[in-house]
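1. The following comprises the amino acid sequence and a computationally predicted model.
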Amino acid sequence: MTHSSPDPYRTTVVTGDAAPAHRTDRGAWTTTLATKVPEVVLLFWVVKILSTTVGETAADFLSGNLGLGLPATTAIMSVLLAAALIAQFSVRRYIPWVYWLTVVLVSVVGTLFSDNLVDNLGVSLWTTTAIFSAGLVAAFGAWYRSEHTLSIHTIVTRRREAYYWAVILFTFALGTSAGDLIAERLAFGYVPSALMFGAVIALILVAHLKLGLNAVVAFWAAYILTRPFGASMGDFLTAAPKDGGLGLGTNATSAIFLAVIVAAVAWFTVQERRENREVAA
């Protein structure tokens, strides 16, 4: 839902449903934790889209510009993602730099999974889009059957967090395949594709705010679509002019977007510490 607050950066745009009372389940995967995900505010969506674009450009930079190749890049980034996930699961509350580092690495690895299937194994974009769509539906189904909710405001156990990150990984892999399918294989072009995905995201927001579209449905629909939106923007910024892009290259684009993400995460960290002090006082 939408509500105002004294801080304009904290105006909620699309959220899930309200968090239930904390559970008292026992066991490593059901121990009640503080919420492990950030509040869904405007800056959340900005950083998410930037992370999406960085996932696209960083994967291209590492595998192409540095000459690592897709298999080696995928192996290295998967190890880094595993380390980030271990750090994320080991903390008992939302810590901005840990959470957003994990998001960026999931974005890179999701892109690499799609690129490996298409470029190395010759799987068509139609097929990878179908595979990742099926995987995403299966992940959502398993999560709902187990927890009876898909709201991110209920990520208060490690089991729910595991479902959450599985879904996130599938959204990034699917977004890469779907974005490439529409922009390149169907020859829509990068800018028209970005405009199309952006328009659908805007319609979802309007449907949520004005027509009563369920908050959880609205959140996940927007979250899934920001991936191909960001991927199309990344391709537009980095691709050569002859290929329909601006020709900024992966180096400059990745560096600029990473700098903005770091600044935003620093802001999140300051806000989080301020809120913790207020709660403790």
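-> In hand now; what should we look at?

2. how far away is L117 from L80?
-> L117 sits 20 Å away from L80, going by CB to CB, to the nearest Å. (Glycine included, C-beta is placed from N, CA and C.)

3. Please read the previous query as pertaining to H148.
-> 34 Å.

4. now stretch 67-81: how far from the chain's centre is it?
-> With CA atoms, centre = their mean, to the nearest Å as the basis, stretch 67-81 stands 19 Å off its chain's centre.

5. what does it rub up against?
-> 59, 62-63, 102, 105-106, 108-109, 112-113, 115-116, 119-120 (CB atoms under 8 Å, 6 or more residues apart in numbering).

6. Return the closest of those residues with respect to A264.
-> T102 (15.0 Å; CB to CB).

7. ok, G179 - how many residues close by?
-> 31 (other CB atoms under 10 Å).

8. Need the phi and psi values for it.
-> phi -60, psi -40 (degrees, to the nearest 10).

9. and stretch 264-279, average pLDDT?
-> If you average the pLDDT over stretch 264-279, you get 84.

10. Now stretch 196-216 - C-alpha only, CSV.
-> Below are the C-alpha coordinates for stretch 196-216, written out as CSV (Å, rounded to 0.1, in the frame of the first residue of the first chain):
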residue,chain,number,x,y,z
MET,A,196,7.3,-1.9,-22.9
PHE,A,197,8.5,-3.4,-19.7
GLY,A,198,8.4,0.0,-18.0
ALA,A,199,4.9,0.6,-19.1
VAL,A,200,3.7,-2.8,-17.8
ILE,A,201,5.4,-2.0,-14.4
ALA,A,202,3.6,1.3,-14.3
LEU,A,203,0.2,-0.4,-15.1
ILE,A,204,0.9,-2.8,-12.2
LEU,A,205,1.5,0.1,-9.9
VAL,A,206,-1.7,1.8,-11.0
ALA,A,207,-3.7,-1.4,-10.6
HIS,A,208,-2.3,-1.8,-7.1
LEU,A,209,-2.9,1.8,-6.0
LYS,A,210,-6.2,2.5,-7.8
LEU,A,211,-7.9,-0.8,-8.6
GLY,A,212,-7.0,-2.8,-5.5
LEU,A,213,-4.6,-5.4,-7.0
ASN,A,214,-3.3,-7.6,-4.2
ALA,A,215,-0.1,-6.2,-2.8
VAL,A,216,1.8,-9.4,-2.9
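
11. can you pull the buried residues of that stretch?
-> Buried residues in stretch 196-216, counted by 16 or more other CB atoms under 10 Å: M196, F197, G198, I201, I204, L205, H208, L213, A215, V216.

12. Could I get those in a markdown table, plus columns for secondary structure and pLDDT?
-> Output for the buried residues of stretch 196-216, formatted as a markdown table (DSSP: H, G, I helix; E, B strand; the rest coil; pLDDT from 0 to 100):
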| residue | secondary structure | pLDDT |
| --- | --- | --- |
| M196 | helix | 93 |
| F197 | helix | 92 |
| G198 | helix | 92 |
| I201 | helix | 95 |
| I204 | helix | 96 |
| L205 | helix | 94 |
| H208 | helix | 95 |
| L213 | coil | 94 |
| A215 | helix | 94 |
| V216 | helix | 95 |
